[in-house]
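Participant: My questions are about this predicted structure, shown below with the sequence.
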Number of protein chains: 2
Amino acid sequence: MKEGQSSRIAQRRAAALSGNTPDYIAKRNELVRVAAEVFREKGLAAASLNEIASRFGTDRASLYYYVGSKEELFQECITETVVLNLQRAKAITAQDISPREKLRQLIAVLINSQVEHYPYMYVYMQEDMLKKPSQDTEWTQTMVEHTRRLERYFIDTLKEGVADGSFRSDLSVTLIANSLFGMTQWTHRWWLPVPGGSRHSADDLIKVFTTVLLNGIEGADA
Amino acid sequence: MKEGQSSRIAQRRAAALSGNTPDYIAKRNELVRVAAEVFREKGLAAASLNEIASRFGTDRASLYYYVGSKEELFQECITETVVLNLQRAKAITAQDISPREKLRQLIAVLINSQVEHYPYMYVYMQEDMLKKPSQDTEWTQTMVEHTRRLERYFIDTLKEGVADGSFRSDLSVTLIANSLFGMTQWTHRWWLPVPGGSRHSADDLIKVFTTVLLNGIEGADA
DNA sequence: TTCGTCGTCAACACAAGAGTTGGTAACGTG
DNA sequence: CACGTTACCAACTCTTGTGTTGACGACGAA
C-alpha cells in the first residue's frame, strides 16, 4: 500500500470511526482489550492476528474493519494508560505532603495501574521501548519521552526527600529510582492482578514495597 | 523432518561435535555469543537467523553446521549460566555466616552473573519461562525447576533471618524475595554491564540494592 | 598428486502470518 | 418491501523466516 493511498477497508474503517457510533467504539475497545491479553501472553512479535481474531470471535480479516494494522493495535493498548499514569504522578508530586507520602502514593500508582488496566501495562512492560531505536517513529519517541517524565517525578521526589533530610544522601537517587521501578515493574512476571490470580492483593504489594523501600526490612516490627 | 531421522547437515554436525576439535568448539561458542547479543536486542521471536549469520560473518545455511535449530541456539545461550548461579547460591547459603551477609552475597551473584555472562542473562530475563506452559519440553521444565530452586535459596535465607530476629517478621518473605528479584533483574532494562555502558559499576548496584533492602533509605547516613 | 574432510553457500521447499479484495447476509429504516 | 448501511469473511497476494539439499573450493595428510 502506497503512501497517501488507503485501501477500501481503510476507508470504511475511517468512515465507521468518524461516524462515532457507540456500538462501533465499544466493540473496537473490546478488540483492543482482547489483543492486549494476547500480546501479554505471547509478546508483540509472537502474537498473531489469527489468534486475536479467534479470541475476539471473528475472522482475521474483520479486524481491519476496526484497526489499521497490528502495530496500531499494539499502540492502542499502551498509550492511554501511560498518559494517565503521568497525570496522576504529576498531581501527586504537586501536593503539599511529605516526600515519604509522595513516594508511597507514586508506588501505589504503578501497582494500581497494573490492576486497573490489566493487562495493558503488562504489554508495555514486556516490549522494551529503549530497545527500539531502529523504529524511531513519532509514537515511539513520545512513549520514550513519557517514560522519562514519569521517572523524573520519582527522582524529583527522592531529591526532595534527600534535601529535607528524610532520605539518606549517600545513595544515588537514580539507582534508588531504578530499584523502585524494578520492584514494581517486575511484578508482571510473577503477579496476576485478577481475583484468584495470586494470594497477594495489590495493597499487600504496595505495603511491602513501600515498607522495604522506606524503612528497610531491618526495622523492628511495626 | 521426521522423528528418528536426521538430515545430512545434522549428521555432519554430529560428527564435527563428537570429533571434539578445539577450532570447531571455539567457533560454535562464538556463534552462541553472537546469537545471544541478537536475542537480547530483538527478543527471541524477532531475532532472525539471517541477522545472526550476518553478524557471525557467514551465511544462514552455515549456522546449521554448528547448531540444529534456532531454539537450540537460544537454549545454549541460557543453560550454562543458570546452572552456575544455582551452584553459587547453594555454596553461599551453606556457609556459616549471618543471613544478612548471605543475602548480600546472593544479590552479588545475580548482579555479577549479568556482568560475567553478558549478554546471556539478558536473554534469559526477557524470555519469560513461566509464560511458556504451551511448549512444555523437557528443557523448559528443567529451567523452570532451576528458577524455583534459586528462588528457594533466597526465601530460605530470608526465613532464617526472620527466625533469628535479624529481619522483621510482618512482611511476606515471598514478596520480599520478589522485590529483590525485581531490583536485580530489572537492571536488564536500564543498565549495560560493559565498560562505558553506564556511569554505575556493578559494585555500585550491589551496594545500593543491599543497602536499600537491608537498611532502607530512611536510616541515618552510614 | 590424490583424496577426504571442513567450512561454506546458492538455491530450494515449506510454513506462517500480514494486509487486501470483493463480495454477502442481516438488519434497521424509509 | 426496497434499500443502504453494518459487520463480517472466504480467498487471495506478498513477505519473511526456517530448515534442507547438493555441491564446491581450500587445505592437510597419505
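Facilitator: Looks like it came in fine. These numbers come from a predicted model, not from an experiment.
Participant: contacts and neighbour counts: CA atoms only from here.
Facilitator: Fine.
Participant: Can you report how many residues neighbour whichever residue of chain A sits closest to DNA strand D?
Facilitator: Across chain A, the shortest distance to DNA strand D (C-alpha to the nearest atom of the strand) belongs to residue A:58, at 3.3 Å. Residue A:58: 13 surrounding residues under other C-alpha atoms under 10 Å in any protein chain shown.
Participant: What of residue A:67?
Facilitator: 20.
Participant: does it sit in a helix, a strand or a coil?
Facilitator: When classified by DSSP: H, G, I helix; E, B strand; the rest coil, residue A:67 comes out as coil.
Participant: quick one: residue A:164 from residue A:98, how far?
Facilitator: According to C-alpha to C-alpha, to the nearest Å, residue A:164 stands 9 Å off from residue A:98.
Participant: Which one of the two is surrounded by more residues?
Facilitator: Comparing residue A:164 with residue A:98 by other C-alpha under 10 Å, the one with more neighbours is residue A:98, at 15 against 11.
Participant: What distance do you get for the closest residue to the more buried one other than its chain neighbours to DNA strand C?
Facilitator: Among residues not flanking residue A:98 along the chain, residue A:161 sits closest, at 7.9 Å (C-alpha to C-alpha, 6 or more residues apart in numbering or on different chains). With distances taken as C-alpha to the nearest atom of the strand, to the nearest Å, residue A:161 is found 47 Å from DNA strand C.
Participant: Next one, pLDDT for residue A:161 please.
Facilitator: In this model, residue A:161 is scored at 91, pLDDT.
Participant: After the helix or strand of chain A with the lowest mean pLDDT, which helix or strand is next?
Facilitator: Lowest on mean pLDDT, DSSP states H and E among the helices and strands of chain A sits helix A:120-126, with a mean of 66. Under the assignment DSSP states H and E, the closest C-terminal helix or strand after helix A:120-126 is helix A:138-163.
Participant: Run through the neighbouring helices and strands of that following helix.
Facilitator: helix A:70-94, helix A:99-116, helix A:173-185 (3 or more C-alpha pairs under 8 Å, 6 or more residues apart in numbering or on different chains; DSSP states H and E).
Participant: can you list the residues of chain A near DNA strand C?
Facilitator: A:1, A:6-10, A:46-50, A:60-61, A:64, A:68-71 (C-alpha under 7 Å from any atom of the strand).
Participant: which ones are touching residue A:177?
Facilitator: If you count contacts by C-alpha atoms under 8 Å, 6 or more residues apart in numbering or on different chains, residue A:177 has them with A:151, A:154, A:155, A:158.
Participant: go on, residue A:179?
Facilitator: Applying C-alpha under 8 Å, 6+ apart to residue A:179 gives the contacts B:182, B:183, B:184, B:186, B:209.
Participant: Just among the residues you listed, which is most surrounded?
Facilitator: Neighbour tally across the contacts of residue A:179 (other C-alpha under 10 Å): the maximum, 27 neighbours, falls on residue B:183.
Participant: Now do that one, the pLDDT please.
Facilitator: Among the per-residue scores, residue B:183 holds a pLDDT of 93.
Participant: Wait, it touches residue A:187, no?
Facilitator: No: between residue B:183 and residue A:187 there is no contact under C-alpha atoms under 8 Å: 10.8 Å.
Participant: any weak-confidence spans in chain A?
Facilitator: A:1-5, A:119-123, A:125-135, A:216-222 (pLDDT under 70).
Participant: now residue A:181: how far from residue A:111?
Facilitator: 10 Å.
Participant: what's the domain layout of chain A?
Facilitator: A:3-68, A:75-217 (automatic domain parsing).
Participant: Residue A:104 is in contact with residue A:210, isn't it?
Facilitator: Yes: at 5.9 Å, residue A:104 counts as touching residue A:210 under the criterion of C-alpha under 8 Å.
Participant: Which phi and psi values does residue A:201 adopt?
Facilitator: Reported as degrees, to the nearest 10, the phi and psi values for residue A:201 are phi -90, psi 170.
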